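Asks: Here you go, sequence then predicted model.
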Amino acid sequence: MSAKAPRLVIGGTGSGCGKTTITCALLQAFVEQGLDTAAFKCGPDYIDPMFHSRIIGTRSRNLDAFLCGRELVPALLANSAGRDISVIEGVMGYYDGLAGTTAENATADIANLTQSPTILVVSAKGMSLTLAALLKGFLSFGENTIRGVVLNGISPSMTDYYANIVEQNTGIHVYGAIPHDPACAVASRHLGLVTAGEIQDLKQKMHLLARHALEGVDLPGLLALARTASELDAALPEVPLCGTDLRIAIARDEAFCFDYADSLETLERMGAQLVPFSPLYDTQLPQQIDGMLLCGGYPELYAEQLSENTSMLAEIRTAIQNQLPTVAECGGFLLLHDHLEGRQMAGICGGEAQLGKRLKQFGYVTLTAKQDCLLCKAGEQLTAHEFHYAQSTQQGSCFYAKKPLRKRGWDCIHAAENLYAGYPHIHFAGNIPAAERFLSACRNYHQEEQT
């Protein structure tokens, strides 16, 4: 059944052009106008959706054709059907996709795949007529849904000047501009922006951004453009029910905060009850659990506090040694080392992990299992993504990772009948067989505990 889903993609000329700033400004402005607003992020990023979620009051979701499959992306977006508007933030430059040499899985690809009109964010400082040349290149380079432009870092008083240049030379409409405002700035660190929960005055920053949007951007025009989007008729595929009473402990605190909403909801649709706990603050795991998810985050920033929570580390170590099915991704994997930043950790995977000065093995990968294990049989594959500065002396060797469209590959991941622990992040909505194997192992563990 088809349904209306007004929506806009916020694309950009490149990283750093202001996509997140403009997206947050629009989200906050729409919310303040009383609109029922949804938010999405193209690609695998965790941090930008945290900002979206704080603004709209519900989870922002990721649209990623590599992690989830091309057929599933429109269905995930269709979850917004019935909302007044959905704002979809792009990733990197508009055409930057797999391996940097193709537009596959780029913002343009997601926009085309979901038939969503795009607003291109351009930082126009230092340009005049060249802006028109730049936009002509974007409009003619490849298949696209670009329908308008918002200028970032430009005083709204200059909008008419730029609009005349752009519209006379390209025919594309300029919907407005947002000025550079240091009061709205958000700090960055090694994985990108600091997380939304760490910014004490975030609400004030977002309200200020919304005021700039209200004063400098044609919001009624953007809403009208969003309403031209075609109806969505995709439906989520059926998933197997693996149980009705499976309790899965999931790490949730400042150190462990990277997860995908649709990935977790896939597990819930398959019968899991997710039970949050904090490796930072709790001294015990939740009672009567059948599995555990240790997601990514910033454990390296909290290594001392994690190390001092010896009772929790012992609980995690004992649970895994007692065959509790466990998935530990990136930050969760670091927690299972012997030491992180010189501090004692849970000691399941061995080795030392230290924060490095540059990204290691970042980007999309296809993982091939070299042996039967928790998530796969030997030879089966998972789609995944890596993005980390931490370096490990024990990266694991139970899977082979290969980057798409490239020859490069490497061994990685510690795996066993009850364990998946490594740097790569996976999305269960795009890896249903792995989700089924994980929950089946949880069900078997539950049944064994009951006997």
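Replies: Looks like it arrived, so ask away.
Asks: Point out where this protein drops to low pLDDT.
Replies: The chain contains residues with pLDDT under 70 at 1, 186-199, 451.
Asks: Just give me the longest strand of it.
Replies: strand 352-369 (DSSP state E).
Asks: where do the helices sit along the protein?
Replies: For the chain, applying DSSP state H gives helices covering 19-32, 47-56, 65-68, 72-77, 107-114, 129-141, 159-170, 202-216, 219-226, 261-269, 303-308, 310-321, 331-335, 432-450.
Asks: Go through those and pick out the most buried.
Replies: Highest mean neighbour count of the helices of the chain: helix 331-335, a mean of 30 (counted as mean count of other CB atoms under 10 Å). Quick note: C-beta positions are derived from backbone N, CA and C, even for glycine.
Asks: Asp181: which of the helices of the chain is closest?
Replies: Among the helices of the chain, the nearest to Asp181 by CB to CB is helix 202-216 (6.6 Å).
Asks: what's the offset of that closest one from the middle of its chain?
Replies: Here helix 202-216 is found 24 Å from its chain centre; the criterion is CA atoms, centre = their mean, to the nearest Å.
Asks: Paired strands for the longest strand of the chain, with orientation please.
Replies: If you go by DSSP bridges, strand 352-369 pairs up with strand 339-340 (parallel), strand 381-392 (antiparallel), strand 399-402 (antiparallel).
Asks: and the angle for it with helix 432-450?
Replies: Relative orientation of strand 352-369 versus helix 432-450 (axes from the mean of the first three to the mean of the last three CA atoms, to 10 degrees): 110 degrees.
Asks: residues contacting Tyr302?
Replies: Each residue near Tyr302 by CB atoms under 8 Å, 6 or more residues apart in numbering is listed here: 254-255, 280.
Asks: Check Lys136 too.
Replies: Residues near Lys136 by CB under 8 Å, 6+ apart: 169-170.
Asks: again, only this time at 6 Å
Replies: Thr170 (CB atoms under 6 Å, 6 or more residues apart in numbering).
Asks: want to throw the strands paired with strand 352-369 into TSV with distance to Asn322 and mean neighbour count?
Replies: Formatted as TSV, those follow (distance: least, CB to CB, whole Å; neighbours: other CB atoms under 10 Å):
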stretch	distance to Asn322	mean neighbour count
strand 339-340	23	22
strand 381-392	24	20
strand 399-402	24	22
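Asks: Tell me which of these approaches Thr228 most closely.
Replies: Closest among the strands paired with strand 352-369, using CB to CB: strand 381-392, at 32.4 Å.
Asks: before we move on, back to that, just the buried ones among the contacts of Tyr302, please.
Replies: Taking 16 or more other CB atoms under 10 Å as the criterion, what is buried in these is 254-255, 280.
Asks: Report the separation between His446 and Cys242.
Replies: 10 Å (CB to CB, to the nearest Å).
Asks: Kindly export stretch 364-383 (C-alpha atoms) in CSV.
Replies: Once non-C-alpha atoms are left out, stretch 364-383 reads as follows in CSV (Å, rounded to 0.1, in the frame of the first residue of the first chain):
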residue,chain,number,x,y,z
TYR,A,364,32.9,-0.6,3.8
VAL,A,365,34.0,-4.2,3.7
THR,A,366,32.6,-7.6,2.9
LEU,A,367,33.4,-10.2,5.5
THR,A,368,33.8,-13.9,4.7
ALA,A,369,33.8,-16.4,7.5
LYS,A,370,36.7,-18.7,7.6
GLN,A,371,35.0,-21.1,10.1
ASP,A,372,31.6,-21.8,11.5
CYS,A,373,30.8,-19.3,14.3
LEU,A,374,28.1,-17.3,16.0
LEU,A,375,26.9,-15.3,13.0
CYS,A,376,28.0,-17.3,10.0
LYS,A,377,28.9,-20.7,8.6
ALA,A,378,32.2,-21.0,6.9
GLY,A,379,32.1,-19.3,3.6
GLU,A,380,29.1,-17.1,4.4
GLN,A,381,29.4,-13.3,4.1
LEU,A,382,28.4,-10.2,6.0
THR,A,383,28.3,-6.6,4.8
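Asks: For His52, see how far away Leu241 is.
Replies: According to CB to CB, Leu241 and His52 sit 31 Å apart.
Asks: Equivalent analysis for Glu104, please.
Replies: According to CB to CB, Glu104 and His52 sit 24 Å apart.
Asks: do the same with Val122
Replies: Between Val122 and His52 the computed distance is 21 Å (CB to CB).
Asks: How about Thr266?
Replies: Look at Thr266 and His52: by CB to CB, they are 20 Å apart.
Asks: Ok, Thr118 next?
Replies: 17 Å.
Asks: picking up where we left off before, just put the strands paired with strand 352-369 in JSON lines and tack on distance to Asp160.
Replies: Listed next are the strands paired with strand 352-369 as JSON lines, based on distance: least, CB to CB, whole Å:
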{"stretch": "strand 339-340", "distance to Asp160": "55"}
{"stretch": "strand 381-392", "distance to Asp160": "41"}
{"stretch": "strand 399-402", "distance to Asp160": "51"}
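Asks: so which of those gets nearest Asp64?
Replies: strand 381-392 (8.0 Å).
Asks: Was I right to think Ala25 contacts Glu215?
Replies: No. With contacts defined as CB atoms under 6 Å, Ala25 does not count as touching Glu215, sitting 10.6 Å away.
Asks: Quick check: buried residues in the longest strand of the chain?
Replies: 353-355, 361, 363-369.
Asks: so Ser307 makes contact with Arg343?
Replies: Yes. Contact criterion CB under 6 Å: Ser307 and Arg343 qualify, at 3.7 Å.
Asks: Which parts of the stretch 151-300 of the chain are strands?
Replies: 173-178, 188-189, 192-193, 246-251, 256-258, 272-277, 291-294, 296-297 (DSSP state E, counting those that start in this stretch).
Asks: which stretch among the ones you listed comes nearest Val327?
Replies: The minimum distance between Val327 and these falls on strand 291-294, with 5.3 Å, by CB to CB.
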